[in-house]
Every structure is written in structure tokens, then in C-alpha cells.
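Enquirer: The sequence isn't on hand, but the structure is:
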């Protein structure tokens with residue numbers, strides 16, 4: 001199923017095993033995009049293939065993929081929260097909420113030259129529609145925390161919070177998610193805290 005977004009770019013939905021054809025391209029996209037601010041992720045394709053393979057094997061896995069012609073230029077993933085890492089479900093439990101009711105918007109990656117053309121909205125629309133199709137009442141994602149004075153922050157970096165708030169998401173002030181990954185220039189993985197953002201999918 002494909003949805004045109006204008007020009008030569010189209011969005012297509014993939015569920016479960018259908019997404020296996022995207023593994024190589026998605027792994028490369030994640031390494032490229034997450035290598036930049038704010039994640040500064042130092043990844044490798046072997047790890048990404050394992051991680052993404054495990055994701056696709058989970059019930060309810062969903063990928064919104066963006067193509068320019070036949071080239072994968074962006075993708076956004078999502079799945080029922082309990083199919084994902086427990087590091088993300090634990091703060092939900094601490095808030096007294098039921099993880100079974102939440103659809104997790106795990107990652108969104110898009111090559112820089114395609115940003116600002118509405119593809120990000122398309123990714124959110126498709127994942128939220130999938131959440132409703134799977135009868136979830138809430139959607140959630142995590143944003144990595146960085147110090148305001150971090151010297152690695154690009155001078156032209158802009159906050160995505162206005163975009164997220166415009167989509168109806170609210171910042172959760174409370175328990176954080178914690179995920180470890182290796183940053184560029186590091187030899188070992190380090191812990192990173194991430195802030196939760198949530199939306200009631202039934203709200204107008």
C-alpha cells in the first residue's frame with residue numbers, strides 16, 4: 001500500500017515479514033542518521049541487522065517507509081510497547097500505566113535533503129493509524145536528553161518539540177527510559193536517558 005507525498009517521493013506501509021526486504025537499507029539509514037546529533041550513534045550493520053530482525057519478528061511490527069523512486073530515503077518504525085525493549089516499558093509501569101495499552105513509535109530516520117517536506121507528518125499519520133487499527137489507545141516515543149551546553153550540539157540544531165506538540169504529544173515529566181549505545185569516539189556503550197512523549201489517540 002503506497003501513499004504519494006508529492007514529487008517522486010512515496011510512502012509505503014509494511015507489516016511483519018513484509019518489512020524484511022527493507023532490512024539492509026533501513027540498517028544503513030539508521031547508522032547514517034543516528035550518527036548525527038543528538039544520538040551520535042556509532043553503529044554497525046551486523047548489529048543493526050540483528051536488532052531490526054528481532055523487531056520485525058515481533059507481533060504487530062510496523063514500518064512506514066519513504067522512497068524516492070526505488071531508493072529508500074527514510075523510515076519510521078512502531079510496535080506494541082510490550083514487543084519492544086523493557087527499558088522503555090519500565091518507566092510506563094512506574095507511572096502506573098498499562099504498557100499493553102500503548103503503541104510505541106520507536107524510530108524515525110530521514111535523509112537530511114528530504115526534511116521539511118511533510119514526510120515526518122506522514123510517518124506519524126501512518127503509525128498512529130496503525131495504532132488505532134491494532135486497537136491501541138495511546139502512542140508514545142522517546143527523545144534522548146542532552147545538556148543545553150553540550151559542545152557537540154551543531155549551531156543550527158533546532159528543537160523538534162514544537163513539531164511534537166503540534167501533533168498532540170505531551171512531554172512526560174517523571175521516570176525516564178534508559179538505553180545504552182556507543183557514541184562516536186567511544187570504545188564502550190554508555191547509558192543514555194530519554195524523555196517520554198505521549199499522546200491519547202482518542203483525543204480530538
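Expert: Nice, I can see it. What you see is a predicted model; the values in this text were computed from it and never measured. Numbering: from 1, shown residues only.
Enquirer: How is residue 180 assigned, secondary-structure-wise?
Expert: Residue 180 carries the three-state label strand when classified by DSSP: H, G, I helix; E, B strand; the rest coil.
Enquirer: got the contact list for the helix or strand hosting residue 50?
Expert: Under the assignment given by DSSP states H and E, the secondary-structure element containing residue 50 is helix 45-57. By C-beta atoms under 8 Å, 6 or more residues apart in numbering, the surrounding residues in contact with helix 45-57 are 16-17, 19-20, 23-24, 26-28, 30-31, 61, 77, 79, 84, 106. (Glycine included, C-beta is placed from N, CA and C.)
Enquirer: Also stretch 126-134?
Expert: Contacts with stretch 126-134, where a contact means C-beta under 8 Å, 6+ apart, come from 3, 11, 13, 15, 60, 62, 64, 76, 78, 80, 103, 105, 139, 199, 201.
Enquirer: out of these, who has the most neighbours?
Expert: Counting neighbours by other C-beta atoms under 10 Å, residue 78 leads these with 31 neighbours.
Enquirer: contacting residues for that one?
Expert: Residues touching residue 78, when contacts are defined by C-beta under 8 Å, 6+ apart, comprise 61-64, 103-106, 127, 130-131, 139.
Enquirer: Narrow these to those in helices?
Expert: Assigned to helices by DSSP state H, the following of the contacts of residue 78 qualify: 127, 130-131.
Enquirer: Report the spatially nearest residue to residue 154, omitting neighbours in sequence.
Expert: residue 37 (5.5 Å; C-beta to C-beta, 6 or more residues apart in numbering).
Enquirer: where's that neighbour relative to residue 145, distance?
Expert: Note on residue 37: its distance to residue 145, by C-beta to C-beta, to the nearest Å, is 13 Å.
Enquirer: for residue 197, same thing?
Expert: Spatial separation of residue 197 from residue 145 under the definition C-beta to C-beta is 12 Å.
Enquirer: And those two? Which one has more around it.
Expert: Counting neighbours by other C-beta under 10 Å for residue 197 and for residue 145 shows that residue 197 has the greater number, 20 against 12.
Enquirer: quick one, phi/psi of that one?
Expert: Here the main-chain torsion angles of residue 197 (degrees, to the nearest 10) amount to phi -130, psi 130.
Enquirer: Let me see the contact set for the closest residue in space to it that isn't next to it in sequence.
Expert: Leaving aside its chain neighbours, residue 197 sits nearest to residue 169 (4.4 Å; criterion: C-beta to C-beta, 6+ apart). When contacts are counted by C-beta under 8 Å, 6+ apart, residue 169 touches 139, 141, 197-199.
Enquirer: of all the residues you listed, which comes closest to residue 186?
Expert: Checking the contacts of residue 169 against residue 186 by C-beta to C-beta gives residue 141 as the nearest, at 24.6 Å.
Enquirer: would you list every one of the helices in this protein?
Expert: So, for the chain - with DSSP H - the helices run 23-34, 45-57, 86-94, 119-133, 161-166.
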